[in-house]
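K.L.:
Fold the following for me, if possible:
(chains A, B and C)
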Amino acid sequence: MRKTITVILLIISVLVPFMAFDVLPVIGDPQSAPNTHVSDYYIENAIEECNSPNMVTAVIVDYRAFDTMFETTVMFLAGLSVVIILANKPKRRIPAHSSLRRMKDAGGRPIYKTVNKDVMISVIEPVILIYAIYVLFHGEVSLGGGFQAGALIGMTYLLDIMVVKRDRPIFDIPKARAAAIAGFGPLIYALTGIVTILGGGLYLEYNKIPLPIHHAELHSIGITAVEIGVTIGVAGTIITILNALMERISFDDDND
Amino acid sequence: MIENIPVLIVLLPLCSALLCLALTAVSRNLGIFAVKLSCLASFVLSCIQLQMVVTGGTIHYAIGNYAAPYGIEFVIDSLNAVLLVCFSLMGFLTILFAENFGNEKRPMLVGAACAETALLITGILGMTSTGDVFNLYVFLEITSLSAYCLISLGGSRGVVSAYRYMLVGTVAATLYLLGIGVLYSVTGTLNMGDMREILDQGGYDGAMLTAMCFLIPAFGIKMALFPFHGWQPSAYTHAEPGSRPLITGVMGKVPALAMFRFVYCIYGTDFRFVRIGLILLGIFSVFGMLYGSLMAMGQTDIRKILAYSSVAQMGYISLGFAIGTPIALAGAFLHMLGHVFMKGGLFFCTGAIRYKFGTVDINEFGRIYKKMPLTCGLLTAAALSMIGIPPTAGFFSKWYLALGAAGQHEWIYIIILVISSLLNAVYFFRLIEKVFIRQSSELRTRWESEVLELPLTIIIPVVICFIAIFGLGLFNVRIVDILLMTLEGVGL
Amino acid sequence: MMTMINTFLATKGIYFLTLVLLALGVAGIIVCNNYMKKLICMNVMQVAVIFFFLCLGQKSPGTIPVAMDTAVKASQYINPLPHGLMLTAIVVSLGTTGVGLSLLLRIREKYGTIEEDDLIRREDLMTRKNKDGGDRK
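P.N.:
Residues are numbered from 1 along each chain as shown, chains lettered A, B, ... in the order given. Just a heads-up that it's a prediction; the model follows:
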């Protein structure tokens, strides 16, 4: 039964191209519809309107900033969901499979004993953090942005967990707290929009931030503010998920 | 300030959801209070917005002040405005209702579940307002992710059904993305209005047909239309009891609205293959109406009965889309509005009975009306409305559907409509019989009070749903007039 | 015939590859018995759509969309929009995968298996046990 379905699907996937591919544009055609209509406007006006030479950043956090706000919210939502789902653990533990137990024994020393933690904490982590901040504030000019910076900060926390023994971590952030922190990221983003409303503009209209400077500068400030929000959101989410996976607590909601 | 109402309606629940955990850490009820307040505010704002739309016509709100095809746009026509009022009201009621079902010992978990519900409301309101196809995808994902989480909160069965829903739902979202990818590849825009203008120039029939092949299954899965409904009964049955009215009542309706937008607002009725699509939709809905009603007759768990009946009710809504005249579309949307309160109300009742007696098996409901008169009043009203007895909302929506079908000479649809209503009557009268006539059974009361049958936060949703079911029926002419302001321009 | 195939591969070939990837994903979700494999197939499917969008952003003489100087001509740079959109789609698929994995963890801890047919058997067993328990009460 299942094999038949597969075969049918594969046959369809071979046949469809000859019917449907006529409608799609030729690869790399500069005159195709996606490459002309809206895209030209973005490329030609990004520098002037958004003060951002990186056009992808201009599209993400200025022209379509509203999407990105909810994208950050999706990150927060994922972290929150993982916390909630893993908040309950089973009353009876299922015994681990025997092969797994053997693997644990064969694994040798735990990782925090094999890595030199002084080098890790005092040399590598500061470099990563500085790079994260560079990526964050340089995102509108060259490649980079809030997501990458947030991921780098999250990685620093991951390194900490890996090199330091579990019961004595350097930064101890309980997972519900971490989720609350992750919530502040999208909130900063949303409040940037509220500020523009208070300045008399529409939502996320960076020109109307009530500060007495040139409009290009205002766009920079707006973009930086939302990028900081994205960074906090992503970093908080990564820390939340790590914590939630590491400390599993009780599973006692099975009363249905 | 007044021109920012469309975006504020979506933003208020979002901000409160983001703050909810931090506020809960400060004080255990503050977070939930903030969410309640924001949902109430967004309901009030949507009422003001409805007033504005009725007097001033469609609102276009360009976010970031970038004109339509370049930025993201919210489009509020009379249809959206009415649905927003209904959905935000239901969201507020659910938040009120949900606080009775949390785990008292773990306030952070209660706060987190409340934040999830608020994000679900955000996603639903955003999907209703937006005029941009990719923005719709983002909101769709917010809605589904929070729904997966809320379903998984209902114990281990809930986790399994949430996982199944997640697999199917992600396939649907991916198909949707593929569909808009095909449309984007020929039009080069993501804005709905702009897309319509470009597609109207003609010559895009192949691309539109390809996109439709992806979009109809995508929305079908999300709204649990008949052949794609596999995930729905177990997910609705095992969802977390507090947020279940929202999940069952509203979550399936928004993809239906999105489907309407694609079929009638973006493609338009002069699309060459529109007939094929509508006939396909009609076949799906006819079988769905029969199948859902027949399956519901065989169940004894009240949650399962209602879940299967939802499959049938989604069939009525898509039947309205399949007929396609303005009157039939108005009937479909009236049914959508009514069904939000009927199904939501029935799940409020289920939750209330479960809260008081701890049972969901209808065989144990003997003469429950003596102990819970208000709840049973709503149960009866909603059941009568489901069957379609005047003057409830269900009768008028079916009446408009039948009028539309008669206008198009689609007699088979009318026959199926009547048969399905009779089948509804069979299992809902069985429910009413259990509640009123059967031998009274010994049920242990879990919640005692001298004055009220239930806590106030359960009574308010129950009473408002009761009023809404009759209100929608009695004022149907006015509502249909408002709906027709938009629908006149798009129907067949 | 050969020239036809050649032009097809040069102009539309990459769509064909993304479609094969998509079909593999869908087939995997239907055919695989293991929930973890289903999750992986789901990811394959999402990646296929991401590739599809990125194909649309391609432009022959264009380079990456970061302006080198102030005078900008639209033909010099590739389309930035699909890249922005797909950043969102990637984050969404990341979130979905995270939620899916944590759900799988719970399923594994409760039922001790993530094979679909095993799971259905155990669920039935549980339902029957619950019913028996209810009768005894």
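K.L.:
what's the longest helix in the chain?
P.N.:
The chain I'm using is chain A. helix A:215-246 (DSSP state H).
K.L.:
my bad, the chain I had in mind was chain C
P.N.:
Identified as the longest helix of chain C according to DSSP H is helix C:80-111.
K.L.:
residues of that helix that come out buried?
P.N.:
Buried residues in helix C:80-111, counted by 16 or more other CB atoms under 10 Å in any protein chain shown: C:80-89, C:91-100, C:102-111. The way it works is simple: take the backbone N, C-alpha and C, and place the C-beta from them, glycine included.
K.L.:
picking that back up, what angle separates the longest helix of chain A from helix C:80-111?
P.N.:
20 degrees (axes from the mean of the first three to the mean of the last three CA atoms, to 10 degrees).
K.L.:
packing partners for helix A:215-246?
P.N.:
Contacts defined by 3 or more CB pairs under 8 Å, 6 or more residues apart in numbering or on different chains; DSSP states H and E place helix A:215-246 against helix A:65-85, helix A:125-138, helix A:146-163, helix A:175-198, helix C:80-111.
K.L.:
would TSV of those with distance to chain B be doable?
P.N.:
Compiled in TSV, these are given as follows (distance: least, CB to the nearest CB, whole Å):
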stretch	distance to chain B
helix A:65-85	4
helix A:125-138	20
helix A:146-163	15
helix A:175-198	4
helix C:80-111	4
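K.L.:
Tell me the confidence at A:Gly107?
P.N.:
On pLDDT, A:Gly107 comes in at 44.
K.L.:
Of the helices and strands packed on helix A:215-246, which is nearest B:Leu199?
P.N.:
helix C:80-111 (18.6 Å; CB to CB).
K.L.:
what sits against A:Ile241?
P.N.:
A:78-79, A:82, C:98 (CB atoms under 8 Å, 6 or more residues apart in numbering or on different chains).
K.L.:
Surely A:Leu204 forms part of a strand?
P.N.:
No - with DSSP: H, G, I helix; E, B strand; the rest coil as the criterion, A:Leu204 is located in coil rather than a strand.
K.L.:
Deepest-packed of the helices and strands packed on helix A:215-246, please.
P.N.:
Compared across those, helix A:65-85 shows the largest average neighbour count, a mean of 28 (mean count of other CB atoms under 10 Å in any protein chain shown).
K.L.:
CA atoms only for it, dumped as CSV, please.
P.N.:
This file holds the C-alpha atoms of helix A:65-85, laid out as CSV (Å, rounded to 0.1, in the frame of the first residue of the first chain):
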residue,chain,number,x,y,z
ALA,A,65,9.6,44.9,9.1
PHE,A,66,6.2,43.7,10.2
ASP,A,67,7.0,40.1,9.0
THR,A,68,10.3,40.1,10.8
MET,A,69,8.6,41.2,14.0
PHE,A,70,6.3,38.1,13.9
GLU,A,71,9.3,36.0,12.8
THR,A,72,11.0,36.9,16.1
THR,A,73,7.7,36.2,17.9
VAL,A,74,7.8,32.7,16.3
MET,A,75,11.2,32.2,17.8
PHE,A,76,9.9,33.2,21.2
LEU,A,77,6.9,31.1,20.7
ALA,A,78,9.0,28.0,19.9
GLY,A,79,11.1,28.5,23.0
LEU,A,80,8.0,29.0,25.1
SER,A,81,6.4,25.9,23.6
VAL,A,82,9.4,23.7,24.3
VAL,A,83,9.4,24.9,27.9
ILE,A,84,5.7,24.1,28.4
ILE,A,85,5.8,20.8,26.6
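K.L.:
Just want the angle from that helix to helix A:215-246.
P.N.:
20 degrees.
K.L.:
What residues does chain C have near chain B?
P.N.:
Proximity of chain C to chain B, by CB under 8 Å from any CB of the partner chain, involves residues C:22, C:26, C:29, C:35, C:38-39, C:42, C:45-46, C:49, C:52-53, C:56, C:81, C:85, C:88-89, C:92-93, C:95-96, C:99-100, C:103-104, C:106-107, C:110-111, C:119, C:123.
K.L.:
which of these come close to chain A?
P.N.:
Answer for the residues of chain C next to chain B near chain A (CB under 8 Å from any CB): C:22, C:26, C:56, C:81, C:85, C:88, C:92, C:95-96, C:99, C:103, C:106, C:110.
K.L.:
ok, now which ones touch the residue lying closest to B:Gly179 once chain neighbours are set aside?
P.N.:
Distances taken as CB to CB, 6 or more residues apart in numbering or on different chains place B:Phe214 nearest to B:Gly179, at 3.6 Å, with adjacent residues excluded. By CB under 8 Å, 6+ apart, the contact list for B:Phe214 reads B:175-176, B:178-179, B:182.
K.L.:
same question, B:Phe43
P.N.:
Applying CB under 8 Å, 6+ apart, we find B:Phe43 in contact with B:85, B:88-89, B:91-92.
K.L.:
Lowest mean pLDDT among the helices and strands of the chain, which one is it?
P.N.:
Unless you meant another one, I'm taking chain A. Counting by mean pLDDT, DSSP states H and E, chain A has its least confident helix or strand at helix A:98-106, which shows a mean of 46.
K.L.:
hm, I was asking about chain C
P.N.:
The weakest-scoring helix or strand in chain C, judged by mean pLDDT, DSSP H and E, is helix C:116-136 (a mean of 72).
K.L.:
List the buried residues of stretch C:2-20.
P.N.:
C:11-12, C:14-16, C:18-19.
K.L.:
ok, now stretch B:463-470?
P.N.:
Across stretch B:463-470, burial judged by 16+ other CB under 10 Å covers B:464-466, B:468-469.
K.L.:
Show me which residues of the stretch 101-250 of chain B are close to chain C?
P.N.:
Contact residues (CB under 8 Å from any CB) of the stretch 101-250 of chain B with chain C: B:134, B:137-138, B:141, B:145, B:148-149, B:152, B:156-157, B:159-160, B:162-163, B:166-167, B:170-171, B:173-174, B:177-178, B:181, B:184-185, B:190.
K.L.:
which residues touch the residue nearest the centre of chain C?
P.N.:
Residue closest to the average C-alpha location in chain C (CA atoms, centre = their mean): C:Gln46, at 2.2 Å. Going by CB under 8 Å, 6+ apart, C:Gln46 touches B:170, B:174, C:25, C:89, C:93, C:96.
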